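**Q** Let me see the structure of the following:
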Amino acid sequence: MRVGIDFSPLAYGNRTRGIGAYAENLVAALLAQDARAEYFLFTMRGIEAYETPFARAPNAHLVRLPVPPMGRATPLISHQLILPLHARALRLDALHLIAVPYNPSTPAVPLRAGVPTVITLFDVMPLRLSETLLKNPRHRRFYNWQLDACRRAAMLLTASHAAAQDLARFDIAPREKIRVVPLAPPPLAAPTNRPEVAALAGSAPFLLHVGGAEPQKDQPTVLRAFGLLCRNPAFRHNLILVGKHHGDDMPALEMSTRAARRILRLSNATRADLDILYARCDVFIFPSLYEGFGLPILEAMRAGAPVVATNVAALPEVTRDAGLLVEAKNPQAVANAVRRILDDERVRVKLSQAGERRAREFSWARTAELTRAVYAKVALEKKSE
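**A** Down below sits the predicted model:
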């Protein structure tokens, strides 16, 4: 079996996000499970970043797409013309695309790949948050075009049953063409003990939020909940916000001026930094408006952090009874849940233990096993044509 996997999106800011964790850990598990299949990993730039993890596997081949620099048009040329040519030349049984963007300046799904395609579509967030993410008509047209490419796929993969229902509801694929393949927490990184992270984590007890100012992460609700908690003079926790971009402190300060100087931000967090913060936080807050899976919840649970999340999309499916679920956009509900965890040791210990058990139910070996089954099905259907 010959499978191509497009790693190009990782060179466009996705390597430190969920897509990066998914691609790198999936491929590592695939190579560990099956030495007979050949895997071709397509890249566009930044290829050096991917040589180390897979260089020792004899059945992994890095293929750099020879794309001339053409500014914003480069990804369109690479993925609508050059990638399909390579897929056909390599006689692939399946081509796996790991990202479905709404920005045409990033690597996209080819409309006609020339070989059967397997596409991972974690969610339909641009449709759910269209007023924010698809304000630009160019982005709206491009995303609809990408969804048309998904409709041509041999199979779609997604990480939760909630997301699978969304794909069917928005007529992207019939349910029988969708496979649910859950993710797992990334392996723990080697500790680095960066001084700035040690200072953040050691200055005072803290609450943690990961996601930055991305609209679906709803950082303003986190800040308002923190402001409500700060109204109590006995409350001494800081709030650490992790993400590439952040909003200002005003949502918290409108609730209480005691929140001033207690909101700390980390914009360049490494995997090792996150491991430390998850393990040391007293509560992990994740009041997202929409998630196709919610990988940060599993990362926090693995570290024993009690979780407060919203009861929307895939989050109840991932969390089950191992976290406190609240309604979205409700700072008071978030604050009450945090207060309950901090004030009741029995609740705190119960959630910590339940979270660790829940996180152990997920593994990259299982993710790879389910994914290989899809590749085999697609390959078999190709041969029978």
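**Q** how long is stretch 114-126 from one end to the other?
**A** Start and end residues of stretch 114-126 are separated by 27 Å (Cα to Cα, to the nearest Å).
**Q** and it, how far out from the chain's middle?
**A** 14 Å (Cα atoms, centre = their mean, to the nearest Å).
**Q** pLDDT averaged over it - what is it?
**A** Averaged across stretch 114-126, the pLDDT comes to 95.
**Q** What residues of it count as buried?
**A** 115-126 (16 or more other Cβ atoms under 10 Å). (Glycine included, C-beta is placed from N, CA and C.)
**Q** Sort out for me which of the residues you listed are in strands.
**A** 117-120 (DSSP state E).
**Q** can you redo these as TSV with distance to Pro215?
**A** Listed next are those as TSV, based on distance: Cβ to Cβ, whole Å:
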residue	distance to Pro215
Thr117	29
Val118	29
Ile119	24
Thr120	22
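**Q** Closest to Asp171 out of those residues?
**A** Checking those against Asp171 by Cβ to Cβ gives Ile119 as the nearest, at 15.3 Å.
**Q** end to end, how far does stretch 44-57 reach?
**A** First residue to last in stretch 44-57 (Cα to Cα) measures 20 Å.
**Q** hmm, which helix or strand of the protein has the shakiest average pLDDT?
**A** Across the helices and strands of the chain, mean pLDDT, DSSP states H and E gives its lowest value to helix 51-54, namely a mean of 57.
**Q** after that one comes which helix or strand?
**A** Counting by DSSP states H and E, the element after helix 51-54 in chain order, helix or strand, is strand 60-64.
**Q** and the two most separated of the ones in strands among the buried residues of stretch 114-126?
**A** Most distant of those, by Cβ to Cβ, are Thr117 and Thr120, 10.6 Å apart.
**Q** hey, what's in contact with both of those two?
**A** 96-97 (Cβ atoms under 8 Å, 6 or more residues apart in numbering).
**Q** about what we covered before: pull the most distant pair out of the buried residues of stretch 114-126.
**A** So, these by Cβ to Cβ: farthest apart are Val115 and Met125, at 27.7 Å.
**Q** Return the distance of the residue nearest to Ala108 when sequence neighbours are not counted relative to Gly323.
**A** Among residues not flanking Ala108 along the chain, His79 sits closest, at 5.1 Å (Cβ to Cβ, 6 or more residues apart in numbering). Going from His79 to Gly323 by Cβ to Cβ, to the nearest Å gives 38 Å.
**Q** How about Gly304?
**A** In terms of Cβ to Cβ, Gly304 sits 12 Å off from Gly323.
**Q** What of Cys230?
**A** From Cys230 to Gly323 the distance is 23 Å (Cβ to Cβ).
**Q** quick one: which of these two has more around it?
**A** A count of neighbours by other Cβ atoms under 10 Å puts Gly323 above the other of Cys230 and Gly323, at 26 against 23.
**Q** While we're on that one, how confident is the model there?
**A** 97.
**Q** what sits against it?
**A** 297, 301, 306-309, 351, 355.
**Q** 10 Å - rerun?
**A** With contacts defined as Cβ atoms under 10 Å, 6 or more residues apart in numbering, Gly323 is in contact with 284, 286, 297, 300-301, 305-309, 315-316, 337, 341, 351, 354-355, 358.
**Q** same question, Arg175
**A** Here Arg175 is in contact with 164-165, 167-169 (Cβ under 10 Å, 6+ apart).
**Q** same thing but at 6 Å, please
**A** For Arg175, the contact set (Cβ atoms under 6 Å, 6 or more residues apart in numbering) comprises Ala168.
**Q** Quick check: phi and psi at it.
**A** phi -60, psi -30 (degrees, to the nearest 10).
**Q** again with the one 4 residues further on
**A** Arg179 has phi and psi values of phi -120, psi 130 when expressed as degrees, to the nearest 10.
**Q** same thing with Arg302?
**A** phi -60, psi -40.
**Q** Burial check on Lys177, number of neighbours?
**A** Residue neighbour count, defined by other Cβ under 10 Å, stands at 15 for Lys177.
**Q** any idea how far it lies from Thr120?
**A** In terms of Cβ to Cβ, Lys177 sits 13 Å off from Thr120.
**Q** same question, Tyr39
**A** Tyr39 is 15 Å from Thr120, where distance means Cβ to Cβ.
**Q** and if you look at Ala11?
**A** Noted for Ala11: a distance of 17 Å to Thr120, by Cβ to Cβ.
**Q** same thing with Gly4?
**A** Distance of Gly4 to Thr120, computed by Cβ to Cβ: 14 Å.
**Q** ditto for Asn311
**A** Applying Cβ to Cβ to Asn311 and Thr120 gives a distance of 25 Å.
**Q** end-to-end on stretch 142-158?
**A** By Cα to Cα, one end of stretch 142-158 lies 21 Å from the other end.
**Q** Tell me how far it lies from the chain's centre.
**A** The answer for stretch 142-158 is 19 Å, by Cα atoms, centre = their mean.
**Q** Stretch 129-143 too?
**A** With Cα atoms, centre = their mean as the basis, stretch 129-143 stands 20 Å off its chain's centre.
**Q** swap in stretch 73-84?
**A** For stretch 73-84, the distance to the chain centre is 24 Å (Cα atoms, centre = their mean).
**Q** In that stretch, which of the residues would be classed as buried?
**A** 74-76, 78-80, 82-84.
**Q** what's the answer for stretch 311-331, then?
**A** 312-319, 322-326, 328, 330-331.
**Q** re the thing from before, please identify which of the buried residues of stretch 73-84 is nearest to Ala198.
**A** Nearest member of the buried residues of stretch 73-84 to Ala198, counting by Cβ to Cβ, is Pro75, at 38.9 Å.
**Q** Just to be sure, that closest one is in a helix?
**A** Yes. Under DSSP: H, G, I helix; E, B strand; the rest coil, Pro75 falls within a helix.
**Q** Name the nearest residue to it, ignoring sequence neighbours.
**A** Pro107 (4.6 Å).
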